[in-house]
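Q: Build me a model from this:
(2 chains)
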There are 2 protein chains.
Amino acid sequence: MKLQAKCLGIESGGKPVVTLSIEDAGELGVRSGERIRLRSNGREISAIVNIVTKSVKAGIVGVYDEVSKSLSIKENDTIEVEPAHFPASLQHIRNKLRRRKLNYEEILEIVKDAVAGNLSEVEMAAFVIALEQQGLDLDEATSLTVAMVETGQHLEIGKGPICDKHSIGGVPGDKTTLLVVPIVAAAGLIIPKTSSRAITSAAGSADRAEVLMPVTLGVEEMKDVVEKTNGCFAWGGSLHLAPADDVFVQVEYPLSIDPMLLPSIMAKKRAVHANFLALDIPTGRGTKVKTIGDANLLAKDFIELGRRIDIKTQCIISYGEQPIGHAIGPALEAREALRALQGGAVPDLIDKAVHLCGLLFEMTGKGDGRLALEILKSGKAEKKMREIITQQGGNPNIQPDDIEIGRYSVDIKAEKSGIVLWLDNNFLVEIARAAGAPKDKKAGVLLHKKIGEKVEKGEPILEIYSEKATKLGLAEKILQEEKPFGVGDRMEMLIREVKEIPITKKAFILER
Amino acid sequence: MKLQAKCLGIESGGKPVVTLSIEDAGELGVRSGERIRLRSNGREISAIVNIVTKSVKAGIVGVYDEVSKSLSIKENDTIEVEPAHFPASLQHIRNKLRRRKLNYEEILEIVKDAVAGNLSEVEMAAFVIALEQQGLDLDEATSLTVAMVETGQHLEIGKGPICDKHSIGGVPGDKTTLLVVPIVAAAGLIIPKTSSRAITSAAGSADRAEVLMPVTLGVEEMKDVVEKTNGCFAWGGSLHLAPADDVFVQVEYPLSIDPMLLPSIMAKKRAVHANFLALDIPTGRGTKVKTIGDANLLAKDFIELGRRIDIKTQCIISYGEQPIGHAIGPALEAREALRALQGGAVPDLIDKAVHLCGLLFEMTGKGDGRLALEILKSGKAEKKMREIITQQGGNPNIQPDDIEIGRYSVDIKAEKSGIVLWLDNNFLVEIARAAGAPKDKKAGVLLHKKIGEKVEKGEPILEIYSEKATKLGLAEKILQEEKPFGVGDRMEMLIREVKEIPITKKAFILER
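A: Residues are numbered from 1 along each chain as shown, chains lettered A, B, ... in the order given. Just a heads-up that it's a prediction; the model follows:
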C-alpha cells in the first residue's frame, strides 16, 4: 500500500512510530501497537502503528521524528507500507529462552535487527534477560563482541601499535583517563581513547574531558587528532562504534542488569583496532565488583576474550572503597586532573594512572611504571594534554582556576573529632547527582578528608557545589538522611539492625 | 506543573502516552520515552512522554486515547503533571531476577502496578521472563492467582454450588464447552461459563458461542442470565475478571512463553466463585502438553492450586492428536455442536463432553457420565441451550443449516487410496487462519476423514471455507506446502532428514 507522509514533529523516544487511519490499518490488518514495514528512499524499517481514531482521511501515514530521520522522509513523500512479520532473529531469542547456546550467525542476526529497529522492546528485553539469567559463555561473549563491531563504525589509524585503557567503573571521582592518555601519547604510543558519558554516575570520562575541550568528534576528526597528537578524548556516543550497545542499554538500565559488560566494552576497543588494553577493575564495597575473588574471575574473562579477538589485555585490581582524589563532578574533576598534570599532589590518582600506564609500557616493551611517573613529573604529559586540547578545539592555555565550578556551595562539618573511618561511594554519587551532576558540569562534591585522615569537630569534611540553590538544598537534605561518611576512633560493630523484611535500595552502576 | 489537555485522537495500542512541548519536558526534566505522573479528575496514572519537536506553545499536554479514557479527560481539562519515579514494585521484579521467591504482598504490588499501567513493557517482560526462566513454585502461583482475582471484578451468584469447566487448549475444533454448559445447567447445577477469544487458534469458545448469541455481557447481564438458566456463555474479555492477565499476555505472545498458565486460568475460576472445576488437558503431538507424564504433572499442580484456593479440581487427560469432531472455525464448529445437541453423531465430541460432565456430576454427588449422556440424548441439553440463547439475545429457533459458512470453498482430494494415518493440528489451524478464522467467523476447515478412516484416491479428505477468494487461495497454497495429513497403508519410518541446522517454526499455543 502506498501512503503519503505527514511529518508529525513528535519524538517518541527512540522507538519508530507511525500513525495510520482506521481504514488503512483495517486494510493492512494491523492493530495499534503492532508493527508494519515501511519502505522509502531505498531504505526499509519496521515501525509501531498508532491508529488515529478521530476522523482523518485515509492514505496518510503520520511519521514521528525517529522514522523521518531514519528514512530521510520529507512532507508528502510516498511511503510503501506492508504488514510486518516477526523478524527472523526472534526465533533465535526464543531458542535462547529455551536455554540453547547461540552461534555467531544467530547472534549477528539479533544484533543487526536490534540496531535496525526491527526488534520491539519486549523482544530485546527477552534477549538481555535471558543472557542475564543464563549467563553468556565466552563463545557467546566473543560472538556478541564481534557482532557489535560488525554493526558499527571502525577507526583505521595509519600507525601502531594501538593502546587503550578502560575502567569498568563504579568508583566516583575516577579521572584517571585524563592522566593516562597524555602520558601514553607522550611516550610515543597511539591511544585513540573513546569514553562514555555518565549513566548512573556523577561524571563519565567524556563529561570530564568536555570541561577542557569539545569531545563530540566524528570518526574523521578523531583520526585527525590522533594522527597529530597520538591521542584524543572522544565521546563514544557520536562515533557509533557499537550502536547495538546503545540500544540494549535502554533495556538494561530500568532492570538494573548488565549482562553485556564484557562484549560492550571489548567491542569498542576492537572497533578502534586496539592491540593492547590496560583494564582497571575497581574492587570493594560500594563498587561494581565486591571481592578480589570476583575481580580475579572477571579479569580472567577479559584476558581470555581479548585473546580471542587479538587484543592483548592486562588488568589492575584497584582499591575502590572511596573516591579517587578529592573531586566528584565533571568540572571539579577536570580541575583536579589538570592540577595533577601540573605536578600537584593527588597521590591515589597518580598511583593508579602510573600502574595502568605501566601495564601498557610493559606490554609494548617501552618500559614500566617508572617511565610513566617520569613523563608526568617532567611536564611532558601536561604538554601533550595541551596539544590534544588544541587539536580538539579547546583553550590550550587553560589553568585549573579558569575552570568554573558551582556558584552555590555548602560546607559539611564534622560533628565530632576522630578518624574518617569510611566513605560511602553510592551516597556521595547520589549527593553529587542531586546537586546537578553530571548534566550540570559545575555541580559536585569536594572531599576535604579521606579514609584514615584525622578530623576535628567543626572542621569541614566535604563541600557540595551546585548552580541552583534548590538543588544544593536537596543534596544537603540527602546528605543529612544518608550519612556518606563515618568518623570515630574505631569501627563500630553494629552495621544495622534488621527487624523486618528490609526494603533495600541497591545502587546500580551501569557505565560503559 | 499544571497543563491543559489536548485530546489527540490517537490510539497507542494499550500504552499510556502523552506529548509535551520541549519547554515543559525540560522543566520536568524528562526525555522522550521516559515516564511522568498524571493526575486529573481524582485519578492518577503514569504515562510515557513523547516530545513535540516542532514549535508548539508550552502548557499543553497532548493525550492519546488510552490516557483520556483512563483519566476521563476531556478537551482543555487541567492535568497535574510531575516526574514519575520507578514504581516500588520494580524492586520486587529486580529481586525476582536475582532469584528471590516473592511473597503475596510483593506479587500483589506488581500485579496492581501492571493493571494500573505503571509498569513499562520492559519491566513487565522482565517479570514474565523471570517467572518463565526460573519457574513459579506453587506458593508463588497461588499468590499470583489471588492477586489477579484481587485486582479484577467478581461475580456473586445467589445460588450454588458453582461448577466450571476449562480446557487448557491446543486441540483444534474443540467445541466441547457448547455441550458441557447446557448439560450441566440442565442437571440443575450452576455453570457461569466465561470463555476467551482465539489468540493463536482458529476459534475460541467465545468466538464459537458468538455465532449463536451475543457473548459480550457485563457482570450484571451475566448474573441475570445465570440466575434464569443456571448457565451462560460470556466472553471473559469484557468482564475484567483478571485484567492483569490481559496485560501480561501482550508480553507473552511475541515471546511464545506462557509461565502464568495456571494462575491465569484459576484466577478466572476464583473470580466467578467456582466450587468445582473439571479441567481438560488435551495431550499428545500437536497440542500444548506432549506426553502423559507431563499431563500428570500439570494435573497435579492444578489440583493442588485448586485445593489452596478452595476450588475442588479434577482433570481428564484427553487424546489431542487430531481435531475434535470434523469442524474447525467458529461457524462450522457452532453448526457441528448444535447438531450434536440435536442428537447428531459426533462421537469424539460427545465422548469428551460426557467425561467432563461426569467429573462435575461425581464431585457434586449428582451422578456420573451416564446422567450426562441421558441429558444429551433426551433433548434436555438442546432445550437448555435454547433457553440460554434466548436470555443472551440470540435466535432461539436457530437450526444448524441457518448458520452461514464461507461462500468460497475448495475440496482437497486424496492423491492415493489408503488409511488416514495422521492429521497435523498446527497446519490445520494455520490453514483455517489463512482462510480468515477466527476474525472471519465463516472461514475454516471441514474434515471429511479422520485418523483410521479409509479413503479412496480422488475422494475429498477435507474442505476449506472462506469469505474471500484470495484468502482461500492462500490457505490452499499453505496446504500444498505443508501437508496437514498422511494417507497410506502403514506409518513410514522416516519423519525427516536433518542435514544442517534446522530452522524450525514451532507453533505456539497461547489460549486462556
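
Q: Got the domain ranges for chain A?
A: Listed by automatic domain parsing, the domain ranges of chain A are A:2-83, A:89-135, A:163-400, A:406-488.

Q: Figure out which of those domains is closest to chain B.
A: Nearest to chain B, of all these, is domain A:2-83, at 2.2 Å by Cβ to the nearest Cβ. C-beta here means a position set from N, CA and C on the backbone, and glycine is covered the same way.

Q: just to revisit the earlier point, would CSV of the domains of chain A with mean neighbour count be doable?
A: CSV is the format used below for these (neighbours: other Cβ atoms under 10 Å in any protein chain shown):
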stretch, mean neighbour count
domain A:2-83, 19
domain A:89-135, 21
domain A:163-400, 22
domain A:406-488, 19
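
Q: so which of these gets nearest B:Arg31?
A: Nearest of the domains of chain A to B:Arg31, taken as Cβ to Cβ: domain A:2-83 at 6.7 Å.

Q: Now that closest one: average pLDDT?
A: Averaged across domain A:2-83, pLDDT comes to 87.

Q: and the top strand by length along chain A, anywhere near chain B?
A: Using DSSP state E, we find that the single longest strand of chain A is strand A:43-52. Yes. Interface with chain B: strand A:43-52 contributes A:48-52 (Cβ under 8 Å from any Cβ of the partner chain).

Q: Let me know the angle separating that strand from strand B:43-52.
A: 140 degrees (axes from the mean of the first three to the mean of the last three Cα atoms, to 10 degrees).

Q: mind listing what strand A:43-52 pairs with, with the direction of each?
A: strand A:17-21 (parallel), strand A:35-40 (antiparallel), strand B:10-11 (antiparallel) (DSSP bridges).

Q: Please produce CSV containing these, extended by distance to B:Asp24.
A: Below are the strands paired with strand A:43-52 laid out as CSV (distance: least, Cβ to Cβ, whole Å):
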stretch, distance to B:Asp24
strand A:17-21, 20
strand A:35-40, 30
strand B:10-11, 19
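
Q: packing partners for the helix or strand of chain A with the lowest mean pLDDT?
A: The least trusted helix or strand in chain A, going by mean pLDDT, DSSP states H and E, turns out to be helix A:22-28, with a mean of 84. In terms of contacts (3 or more Cβ pairs under 8 Å, 6 or more residues apart in numbering or on different chains; DSSP states H and E), helix A:22-28 is packed against strand A:43-52, strand A:78-83.

Q: And the contacts of that helix?
A: A:1, A:3, A:20, A:31-32, A:36, A:49, A:51-53, A:58-61, A:81-83 (Cβ atoms under 8 Å, 6 or more residues apart in numbering or on different chains).

Q: go with 6 Å
A: Residues outside helix A:22-28 that contact it (Cβ atoms under 6 Å, 6 or more residues apart in numbering or on different chains) are A:51, A:58, A:83.

Q: Spell out, range by range, the helices that occur in the stretch 251-400 of chain A.
A: Using DSSP state H, counting those that start in this stretch, the helices of the stretch 251-400 of chain A run over A:261-271, A:292-308, A:330-341, A:347-364, A:369-377, A:380-391.

Q: quick one: low-confidence parts of chain A?
A: Chain A contains residues with pLDDT under 70 at A:55, A:504-506, A:512.

Q: interface residues of it facing chain B?
A: Within chain A, the positions adjacent to chain B are A:9-14, A:19, A:32-33, A:50-54, A:65, A:94, A:121-122, A:125-126, A:129, A:133, A:251, A:254-256 by Cβ under 6 Å from any Cβ of the partner chain.

Q: can you tell me which of those residues are in strands?
A: Using DSSP E to define strands, the subset of those located there is A:10-11, A:19, A:50-52.

Q: Tell me the one of those nearest B:Ala271?
A: Ranked by distance to B:Ala271 (Cβ to Cβ), those are led by A:Ile51 at 30.6 Å.

Q: Could you verify my assumption that that closest one touches A:Ser32?
A: Yes. Between A:Ile51 and A:Ser32 there is a contact under Cβ atoms under 6 Å: 4.7 Å.

Q: overlap in contacts of these two?
A: B:Glu11.

Q: Correct me if wrong: A:Thr142 contacts A:Asp310.
A: No. If you go by Cβ under 6 Å, A:Thr142 and A:Asp310 don't touch, sitting 11.3 Å apart.

Q: Against A:Ser417, how distant is A:Leu453?
A: Small correction: residue A:453 is Glu, not Leu. As for A:Glu453, its distance to A:Ser417 is 12 Å (criterion: Cβ to Cβ, to the nearest Å).

Q: do the same with A:Phe248
A: In terms of Cβ to Cβ, A:Phe248 sits 49 Å off from A:Ser417.

Q: repeat for A:Gly33
A: Separation of A:Gly33 from A:Ser417 (Cβ to Cβ): 63 Å.

Q: one step back: out of the strands paired with strand A:43-52, which is closest to A:Leu376?
A: Among the strands paired with strand A:43-52, the nearest to A:Leu376 by Cβ to Cβ is strand A:17-21 (51.6 Å).

Q: Now do the closest one: distance to the chain's middle.
A: In terms of Cα atoms, centre = their mean, to the nearest Å, the centre of strand A:17-21 is set 34 Å apart from its chain centre.

Q: ditto for stretch A:409-426
A: Chain-centre distance of stretch A:409-426: 29 Å, with Cα atoms, centre = their mean.

Q: How about residues contacting that stretch?
A: Against stretch A:409-426 from outside (Cβ under 6 Å, 6+ apart): A:172, A:286, A:322, A:449, A:451, A:453-465, A:476, A:484-489, A:491, A:507.

Q: can you give me the end-to-end distance of it?
A: One end of stretch A:409-426 to the other measures 20 Å (Cα to Cα, to the nearest Å).

Q: Quick check: nearest residue in space to A:Arg407, chain neighbours excluded?
A: Counting by Cβ to Cβ, 6 or more residues apart in numbering or on different chains, A:Glu467 is the residue found nearest to A:Arg407 once chain neighbours are left out, at 6.0 Å.

Q: residues contacting the one you found?
A: Residues near A:Glu467 by Cβ under 6 Å, 6+ apart: A:406-407, A:436, A:440, A:442.

Q: what do you get for A:Asp258?
A: A:252, A:510.

Q: Quick check: phi and psi at it.
A: Backbone torsions for A:Asp258, taken as degrees, to the nearest 10, come to phi -150, psi 60.

Q: Make sure A:Leu371 is actually in contact with A:Leu359.
A: No. At 11.9 Å, A:Leu371 and A:Leu359 do not qualify as touching, with contact defined as Cβ under 6 Å.

Q: From A:Glu463, how far off is A:Arg386?
A: Counting by Cβ to Cβ - A:Arg386 and A:Glu463 are separated by 29 Å.

Q: my bad, should have said A:Glu227
A: For A:Glu227, the distance to A:Glu463 equals 41 Å [Cβ to Cβ].

Q: what's the answer for A:Ile190, then?
A: Counting by Cβ to Cβ, the gap from A:Ile190 to A:Glu463 is 39 Å.

Q: The contacts of stretch A:409-426 in strands, which ones?
A: Filtering the contacts of stretch A:409-426 for strands - DSSP E - leaves A:454-455, A:460-465, A:485-488.

Q: What is the most widely separated pair among these?
A: Applying Cβ to Cβ across the ones in strands among the contacts of stretch A:409-426, the maximum distance is between A:Tyr465 and A:Gly488, 27.0 Å.

Q: Which phi and psi values does the nearest residue to A:Val17 once chain neighbours are set aside adopt?
A: Distances taken as Cβ to Cβ, 6+ apart put A:Tyr64 closest to A:Val17, at 4.5 Å, once the chain neighbours are dropped. For A:Tyr64, the backbone dihedrals (degrees, to the nearest 10) come out as phi -80, psi 160.

Q: my guess is A:Tyr64 meets A:Gly13, correct?
A: No. Taking Cβ under 6 Å as the definition, A:Tyr64 is not a contact partner of A:Gly13, at 9.4 Å.
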